[in-house]
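Participant: Sequence first, then the predicted structure:
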Amino acid sequence: DSPGMRSSAQRAISAVLGEDPYEHLGGEFRYTYQDGDPFVEAGSLKANVQGQSHAFHYQLLVNPRSRRARLRPYLAAGAGAKFYRVTGPENPAQALATVARLKSDAEFKPLVVGGGGLRLRLNPRLVLRLEFLDYVTPFPKGIIQPAPGGTARGILHQFTTLAGISLRL
C-alpha cells in the first residue's frame, strides 16, 4: 500500500526574497506552490483527489565559492510550515477505502527543507538558478485518513526541481 501526494505533471512555482550578507553564507525567505494530488494505491488500484500545497520557509545557503565566482554552487537547509489543501470533491465510493480514505480537508504541517543548486551569474544583476529541494513534512493524516484499525505515520517527501531567474538589487 502506498499513500502520498503527486501528480502526473507536477508543477511548482516559487518566489524568493534573499540576502547574501557574508562571502559564503546567505539566506532566503521562500514561498513555493506545488500542484500535487493526494493518492492511495495498492497493486493496480489507485484513488486520488485534486490537491495542492503551499510551503513557507527560511533557508540558509552555504556557498563554497566566493561572490565573485560566475558559477556558484550551494547547499540549502531550512525550516518552516506547509499547508496541504484538497481542491477537488471527495469521492464517496473510493476504490481503496479499506486501506485509507481521501478527505476534502486542509492542514498545516511543520516543514524541513534540504537540497542544493547552482547559480550562474549572467550579468551583475541577473542570475540563472537551477536547484533540487526535498520538502519533508509529517504525514498529512487529515487528508489521507487510514481505514479503521489502520495507522498513518511517517514522513512525506516532495522532491522538487526548480529553474528560475533571479534579479539582484
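Facilitator: Yes, it's here.
Participant: Next, name the residue at the spatial heart of the protein.
Facilitator: Geometric centre of the chain, nearest residue: Tyr135, 4.1 Å, by CA atoms, centre = their mean.
Participant: and that one, what are its bridge partners?
Facilitator: For Tyr135, the beta-bridge partners are Val113, Gln158 (DSSP bridges).
Participant: looking at it, it is touching Thr160, isn't it?
Facilitator: Yes: the pair Tyr135 / Thr160 is scored as a contact, 6.2 Å apart, by CB atoms under 8 Å. Heads up, the C-betas are built off the backbone N, CA and C, glycines and all.
Participant: overlap in contacts of those two?
Facilitator: Thr32, Gln34 (CB atoms under 8 Å, 6 or more residues apart in numbering).
Participant: quick one on the thing from earlier: quick one, what contacts the residue nearest to the centre of the chain?
Facilitator: Tyr135 neighbours (CB under 8 Å, 6+ apart): Thr32, Gln34, Ser53, Ala55, Lys82, Leu111, Val113, His157, Gln158, Thr160.
Participant: Could you tell me which residues within the host helix or strand of Arg85 count as buried?
Facilitator: Using DSSP states H and E, Arg85 falls within strand 71-86. Within strand 71-86, the residues that count as buried by 16 or more other CB atoms under 10 Å are Arg72, Tyr74, Ala76, Gly78, Gly80, Lys82, Tyr84, Arg85, Val86.
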